[in-house]
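# For reference, the sequence and a predicted model appear below.
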Amino acid sequence: MSTRYDVAIIGCGEAGIFAGYELMRLCPSLKVVTLDQGSDIYTRSCPIVAGKVKECIHCKICDTMCGFGGAGAFSDGKYNFTTAFGGWLTDFMDAKEVMDLIDYVDSINVRHGATDQVFSTDTPAARALEKKALEFDLHLLQARCKHLGTENNLKILQSIYETVREHVEYRFRTSVASIEVLGTEGYRLGTDRGEPVDCRWLIAAPGRSGAEWFSNQCKGLGLELINNQVDIGVRVELPAKVFEHITDVVYESKLVYRTKQYGDQVRTFCMNPYGHVVAENVEGINTVNGHSYSDPALQSENTNFALLVSNRFTQPFNEPYRYGKHIASLSNMLAGGVLVQRFGDLVSGIRTNEHRMSKSFVRPTLTAAVPGDLSLALPKRQLDDIIEMIYQLDKLAPGTANYDTLLYGAEVKFYSARLALSGELETALPGFFAAGDGAGVTRGLAQAGASGVKVARVIARRLSEQG
């Protein structure tokens, strides 16, 4: 026996949350359900964060990646006001609409406790930094940014959850196993709970952890997929003083460089001043990420950021997601989890071991990382790109290429194979929409939330037109 709803939302990461929020605001009488394989915002608990274990034990459902808030719930909450990075929404609508949506989502966050403080890039110091970077062929992408903070991000999500749960039904610890087309009646979602869910309108916002599952569902439904990219790299950790002159001016500094050896694009990503390196589980694969806290008492003496090499593939290869997982699994195989190596050892062709690590002036914030050799895990091309980028960054931030700079691997950013979508984020199947990171539409909190609002407004408008 199925239960029927007006709208069903798959996933309650940023896109799914704000789709539900906007539907609640515009159409409070609608019967809306959100299904997620994870838990609510209060009961999500990673055993590592809770101090129960020192390394990933491969929980069946990863509480770091799944549940209310998605992968962003335990992030440091960087909210970027830009169309230049963070997704591809400008492929579907004009830049002004995207920025209006981003600002709207921010206003909701503020209503629920987010800071008003914005790090602006339109300052003399930021412009001078941009000019200095260009002298070394480094391109600084400028964007206003808010830092919500890892601890504050959770409080904001809890407040939003308390508001939305009054109007949206949430089914946690419920995995969607299948999507079935019911013709003019809409769609049926098969679940691991045995009770199907029928709906007239379907919003797929599966998040990063559901990207591969969603891609397979789309193939089964005959929906056209556009081959996408995967970003492979490392997380760099060094003394905060090395990057202070940059992070004090532009909190979220994104520096892009095209390597001379291969012509590949390498970029910094997810800059965490005074932050901590953390492990992240993506469908049983341990990757690495970074956090930073607003509270000075929780900060470290280090700054960490990702260095990512973008890889785009052509036919006949069409499984970039599996390729990225395979690369990450190699470092897992060598280290039993996350691998760490000193930059000087990497360049010298020496494996970092516990003895060499004990002599390092830079103390790792991810103590569970195992010293090893990244050259045995990452492809040579990507590793050459990363080494060239570190030497280039050293010109702008002297000390980046120090012997004891730490490199953690692997950091992999997965992108779902993108669907062919209309300007309203609708698939070729009427009433079936896709939003957020896992659907290959966005990358990051701001545009993910914006995509969810966009889809909700489309549904509300069509319902209004139908009378």
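That came through, no problem. What you see is a predicted model, and the numbers here were worked out from it, not measured in a lab. Numbers count the residues shown, from 1 in each chain.
# Buried residues, the longest helix seen in the chain. List them.
If you go by DSSP state H, the chain has its longest helix at helix 445-466. Buried residues in helix 445-466, counted by 16 or more other CB atoms under 10 Å: 445-460, 463. In this view, the C-beta of every residue, glycine as well, is placed from N, C-alpha and C.
# Can you spell out which helices and strands pack onto it?
If you count contacts as 3 or more CB pairs under 8 Å, 6 or more residues apart in numbering; DSSP states H and E, helix 445-466 packs onto helix 14-26, strand 78-81, helix 95-111, strand 197-204, strand 432-434.
# which element follows the fourth one toward the C-terminus?
Just to be clear, that refers to strand 197-204. For strand 197-204, the succeeding helix or strand toward the C-terminus, using DSSP states H and E, is helix 211-220.
# what do you get for the longest one?
Toward the C-terminus, helix 95-111 is succeeded by helix 124-134 as the next helix or strand (DSSP H and E).
# I'd like the mean pLDDT over that next one, please.
The predicted model gives helix 124-134 an average pLDDT of 93.
# what do you get for stretch 444-455?
Stretch 444-455 comes out at a mean pLDDT of 95.
# now what about that stretch, what contacts it?
The list of residues contacting stretch 444-455 from outside it, by CB atoms under 8 Å, 6 or more residues apart in numbering, reads 13-22, 72, 75, 77-83, 85-87, 89, 93, 98, 101-102, 104-106, 203, 205, 424-425, 433, 435-437, 441-442.
# Can you tell me which of those residues are classed as buried?
Using 16+ other CB under 10 Å, the buried ones in the contacts of stretch 444-455 are 13-22, 72, 75, 77-83, 85-87, 89, 93, 98, 101-102, 104-106, 203, 205, 425, 433, 435-437, 441-442.
# Now do G222: how many residues are near it, please.
9 (other CB atoms under 10 Å).
# Quick one: classify it as helix, strand or coil.
coil (DSSP: H, G, I helix; E, B strand; the rest coil).
# Please report the distance of it from I179.
Applying CB to CB, to the nearest Å, the value for G222 to I179 is 12 Å.
# what residues are shared contacts of the two?
With CB under 8 Å, 6+ apart as the test, G222 and I179 reach no residue in common.
# shouldn't L182 be in contact with C199?
No - in this structure, L182 is not within contact of C199 by CB atoms under 8 Å, at 9.1 Å.
# So for these two, which sits in the more crowded spot?
Neighbours were counted for L182 and for C199 using other CB under 10 Å; C199 has more, 25 against 12.
# The more buried one against Y5, yeah?
Yes - between C199 and Y5 a contact is recorded at 4.7 Å, counting by CB under 8 Å.
# shared neighbours, those two?
Looking at what touches both C199 and Y5 (by CB under 8 Å, 6+ apart), the common residues are V33.
# can you give me the strands for the stretch 251-400 of the chain?
Here the stretch 251-400 of the chain has its strands, by DSSP state E, counting those that start in this stretch, at 254-258, 265-272, 276-282, 285-291, 302-312, 339-342, 370-371.
# right, and these - which one's nearest T121?
The closest of the strands of the stretch 251-400 of the chain to T121 is strand 254-258. By CB to CB, the value is 10.3 Å.
# And for stretch 26-37, what's in contact with it?
By CB under 8 Å, 6+ apart, stretch 26-37 touches 3-12, 16, 20, 23-24, 61, 66-68, 167-176, 189, 191, 197, 199, 209-210, 456-457, 459-460, 463.
# Emit the ChimeraX select command for whichever of these are buried.
The buried residues among those can be selected in ChimeraX (16+ other CB under 10 Å) with this line:
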select :5,6,7,8,9,10,11,12,16,20,23,24,61,66,67,68,167,168,170,171,172,173,174,175,176,189,191,197,199,209,210,456,457,459,460,463
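# Okay, now the sheet partners of whatever helix or strand V33 lives in, with direction.
Applying DSSP H and E as the criterion places V33 in strand 32-35. Applying DSSP bridges, strand 32-35 is found paired with strand 3-10 (parallel), strand 168-171 (parallel).
# ok now it, how far from the chain's centre?
22 Å (CA atoms, centre = their mean, to the nearest Å).
# Only alpha carbons, please: show it as CSV.
Once non-C-alpha atoms are left out, strand 32-35 reads as follows in CSV (Å, rounded to 0.1, in the frame of the first residue of the first chain):
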residue,chain,number,x,y,z
VAL,A,32,5.2,17.2,1.1
VAL,A,33,7.5,14.4,2.2
THR,A,34,11.3,14.3,2.3
LEU,A,35,13.2,11.0,2.4
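# ok, and the closest non-adjacent residue to F432?
Computed as CB to CB, 6 or more residues apart in numbering, the closest residue to F432 that is not its neighbour in sequence is L202, at 4.8 Å.
# is that neighbour in a bridge, and if so with what?
Beta-bridge partners, per DSSP bridges, of L202: A8, F432.
# Just give the nearest non-adjacent residue to L141, would you?
Once flanking residues are discounted, L141 sits nearest to K254: 4.2 Å by CB to CB, 6+ apart.
# Low-confidence bits of the stretch 251-400 of the chain, can you list those?
Along the stretch 251-400 of the chain, the model assigns pLDDT under 70 to residues 283, 313-315, 317-318.
# quick one: the helices in it?
320-335, 343-348, 354-358, 380-396 (DSSP state H, counting those that start in this stretch).
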